[in-house]
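Participant: sequence and predicted structure, then a few things I'm wondering about:
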Amino acid sequence: MCVIATLMVLPFAIGAAVHLIDPLPPRAFWIERGWQIVTDLQVLVPAIYILWRTREGMEAFGLPRVHPIGDPVGGVLFAVVAIPFSAWSWSLIGPFGAPELATSSREHYERLFGPLPVDPVQWAVFAIVLLLGAAVEEVVMRGYFVTRLRQLFGSSTAAVILSAFLCATYHLYQGPADAADQMLFAILFGAVFVWVGRVWPLILAHCLVNLWSFSAAAVRYGAQ
């Protein structure tokens, strides 16, 4: 667990802390999102390799062979629930912790979340970026950490809450409100992982939720 935490989570936590202390101005879309693809692969590929080399096998971490129908359908159905849940949780937390986002400019938004795509090609690339980001978080946070923490503490509830707290810590650069929102989001996804025991539907659902969130932001800031 220490190896995974050091290689997979610590870089994100350090990067989040640096961004929180000294946020960078928005960079060009292709630079920002290209770098994001590189860093996500730097985490995802070693994570998959480490899980593959374990004695339990990848199935023990919710990564059996992809079901060509069940996993996509399950991911879409879960996204149908997760999107309104995400909107509801932010409606509770956002006005208290991040009221400035209600009147913020596109530049302020992009300082926190990165540049928004502006044409169909960028949106296609951005969808891949979101899919990779979702894969990293679901494989590491749900597949690995929930599984290992459940073995360590003997409690699925403790595993879900602790992994969600860890997930929230590297979203602090987006502000305390977003970190709290991310913790609720992670608790929901962790609970579903404990229930279904598969990561693949969660990856798709996570990607669709993020795509909806960024699409809403693009519509909102499109006139700016």
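Facilitator: The structure has been received and is ready for your questions.

Participant: now do stretch 155-175: distance to the chain's middle.
Facilitator: Here stretch 155-175 is found 11 Å from its chain centre; the criterion is CA atoms, centre = their mean, to the nearest Å.

Participant: give the buried residues for that stretch.
Facilitator: Residues 156, 159-164, 166-168, 170-175 are the ones in stretch 155-175 that count as buried (16 or more other CB atoms under 10 Å). Bear in mind the C-beta positions are built from the backbone N, C-alpha and C, glycine included.

Participant: again, but for stretch 68-80
Facilitator: Here stretch 68-80 shows Asp71, Gly74, Gly75, Phe78, Ala79 as buried, counting by 16+ other CB under 10 Å.

Participant: mind naming the longest helix for the protein?
Facilitator: Longest helix of the chain, by residue count under DSSP state H: helix 70-97.

Participant: quick one, what contacts Asp181?
Facilitator: For Asp181, the contact set (CB atoms under 8 Å, 6 or more residues apart in numbering) comprises Ser86, Ser89, Trp90, Ile93, Gly94.

Participant: and those as JSON lines, adding pLDDT?
Facilitator: As requested, the contacts of Asp181 are exported to JSON lines (pLDDT from 0 to 100):
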{"residue": "Ser86", "pLDDT": "88"}
{"residue": "Ser89", "pLDDT": "84"}
{"residue": "Trp90", "pLDDT": "77"}
{"residue": "Ile93", "pLDDT": "73"}
{"residue": "Gly94", "pLDDT": "61"}
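
Participant: next, format these as a markdown table and append distance to Ile48 and neighbour count.
Facilitator: Putting the contacts of Asp181 into a markdown table (distance: CB to CB, whole Å; neighbours: other CB atoms under 10 Å) gives the following:
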| residue | distance to Ile48 | neighbour count |
| --- | --- | --- |
| Ser86 | 27 | 20 |
| Ser89 | 30 | 18 |
| Trp90 | 31 | 20 |
| Ile93 | 33 | 19 |
| Gly94 | 34 | 18 |
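
Participant: just send those back as TSV, with distance to Val66 too.
Facilitator: As requested, these are exported to TSV (distance: CB to CB, whole Å):
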residue	distance to Val66
Ser86	25
Ser89	29
Trp90	31
Ile93	34
Gly94	35
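
Participant: show me the shaky parts of the protein.
Facilitator: 1-26, 94-104, 223-224 (pLDDT under 70).

Participant: if we go to 90?
Facilitator: Within the chain, the stretches with pLDDT under 90 are 1-28, 42-43, 54-55, 57, 86-115, 167-181, 216-224.

Participant: quick one: the helices in it?
Facilitator: Counting by DSSP H, the helices of the chain are 2-4, 10-21, 29-53, 70-97, 106-113, 120-137, 147-153, 156-169, 176-196, 200-221.

Participant: which stretch among those helices comes nearest Leu63?
Facilitator: For the helices of the chain, proximity to Leu63 was assessed by CB to CB; helix 29-53 is nearest, at 6.6 Å.

Participant: tell me the helices and strands packed up against the closest one.
Facilitator: Secondary-structure packing of helix 29-53 (3 or more CB pairs under 8 Å, 6 or more residues apart in numbering; DSSP states H and E): helix 2-4, helix 10-21, helix 120-137.
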